[in-house]
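> This is a predicted model, with the sequence first.
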Amino acid sequence: MTHPSPHPAHHVHEDEHDAGDHSEILDLDAEVLAEHIASITAWLPVGTGPRRIVDLGCGTGAGSLALLDRFPGAEVTAVDVSAAHLRHLSAKADAAGAGGRLRIVQADLDATVWHGLGTPELVWASASMHHMSDPDRTLRQVHGLLAPGGLFAVVELAGFPRFLPAGAPEEAPGLEERCHAALDHHHAEQVPHRGADWVTKLTEAGFTVEGERTVAVDIGPTHTDAVGRYALSSLRRMRVRVASALTSEDLTALDRLLDTGGPHSVLRRTDLGVRTERTVWAARRT
């Protein structure tokens, strides 16, 4: 059974419907890329292993569950603003038999004060730091939170994965690359800290960066249900952000891929792969 935080946490408004939609893609990401997430946790320079871990911006818990598996003697405190995500993580941890080692804290990580997080030896933040309104302040907060000698692992993604082979789809070759270019433009305006110089930011916050590793993901071509659903969920979310930047021809081709009942559905393709990168920085509070 997971244990909720004993402290009232900071909370901002969330759209439960959107959180539910986001849960699907987070779960598929965890399923399809489980091996790569495990390789990152195995690489962390933590010595004998931490007893207390905090997962900042845990989502539906891919990192939390991987850390619980990697460090069987540890307790993980999972922090997220979304009550829907935390409920989902709670159920998954219970199903995995790890609920007794998981605490959940609902909190707005942009708050100036954090409650109920203890003094962890390891803090993990995967795909969450670039969402902070003031990441430099957040880094200083993490530095103050960590136990002396503790480690901060920052994991950042190279955007949405790519799924289609070169030249696909036939009626609009290069569609996926054009979608990514439009999404990059959207992120440059809406998510300004994506792609930040994390080594400099970590150093300025008082950390010593001990390691950096980029994990290249190249799965496929394969046709599993999970990869197909991952592609569908990812492209659906991408469409919301890039539709206004696409030509009518590209939008029509994209909608054919997203039409699960049609002959061109991404779910029917046997040539899908998963290509992306994740970079992790290991920073020590010295």
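The structure has been received and is ready for your questions.

> all strands of the stretch 101-250 of the chain, in order?
For the stretch 101-250 of the chain, applying DSSP state E, counting those that start in this stretch gives strands covering 102-106, 122-126, 151-157, 207-219.

> Ranking those strands by mean neighbour count, which comes first?
strand 122-126 (a mean of 26; mean count of other C-beta atoms under 10 Å). Quick note: C-beta positions are derived from backbone N, CA and C, even for glycine.

> Within its sheet, name the partner strands of it and how each one runs.
strand 52-56 (parallel), strand 151-157 (parallel) (DSSP bridges).

> got these as JSON lines, with mean pLDDT columns?
Converted to JSON lines, the strands paired with strand 122-126 look like this (pLDDT from 0 to 100):
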{"stretch": "strand 52-56", "mean pLDDT": "98"}
{"stretch": "strand 151-157", "mean pLDDT": "95"}
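
> Just put those strands in a markdown table and tack on distance to A96.
Shown next, in a markdown table, are the strands paired with strand 122-126 (distance: least, C-beta to C-beta, whole Å):
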| stretch | distance to A96 |
| --- | --- |
| strand 52-56 | 15 |
| strand 151-157 | 21 |
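
> residue contacts, R178?
L246, D250 (C-beta atoms under 8 Å, 6 or more residues apart in numbering).

> coming back round to it: nearest to D136, out of the strands of the stretch 101-250 of the chain?
strand 207-219 (11.9 Å; C-beta to C-beta).

> For the closest one, name the packing helices and strands.
helix 34-43, helix 198-204, strand 274-285 (3 or more C-beta pairs under 8 Å, 6 or more residues apart in numbering; DSSP states H and E).

> quick one, which of those is packed in tightest?
strand 274-285 (a mean of 20).

> Pull up the distance across stretch 167-182, start to finish.
This stretch, stretch 167-182, spans 18 Å end to end (C-alpha to C-alpha, to the nearest Å).

> list the buried ones in that stretch?
A168, P169, A172, L175, E176, R178, C179, H180, A182 (16 or more other C-beta atoms under 10 Å).

> Just these: which are in helices?
Using DSSP state H, L175, E176, R178, C179, H180, A182 are the members of the buried residues of stretch 167-182 that sit in helices.

> Could you pull up phi and psi at the residue lying closest to T119 once chain neighbours are set aside?
Nearest residue to T119 in three dimensions, chain neighbours excluded: A147, at 4.9 Å (C-beta to C-beta, 6 or more residues apart in numbering). Main-chain torsions, A147, degrees, to the nearest 10: phi -70, psi 150.

> sorry, back to before: output the helices and strands packed on strand 207-219 in JSON lines; the columns should cover distance to D108.
Below are the helices and strands packed on strand 207-219 laid out as JSON lines (distance: least, C-beta to C-beta, whole Å):
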{"stretch": "helix 34-43", "distance to D108": "25"}
{"stretch": "helix 198-204", "distance to D108": "21"}
{"stretch": "strand 274-285", "distance to D108": "23"}
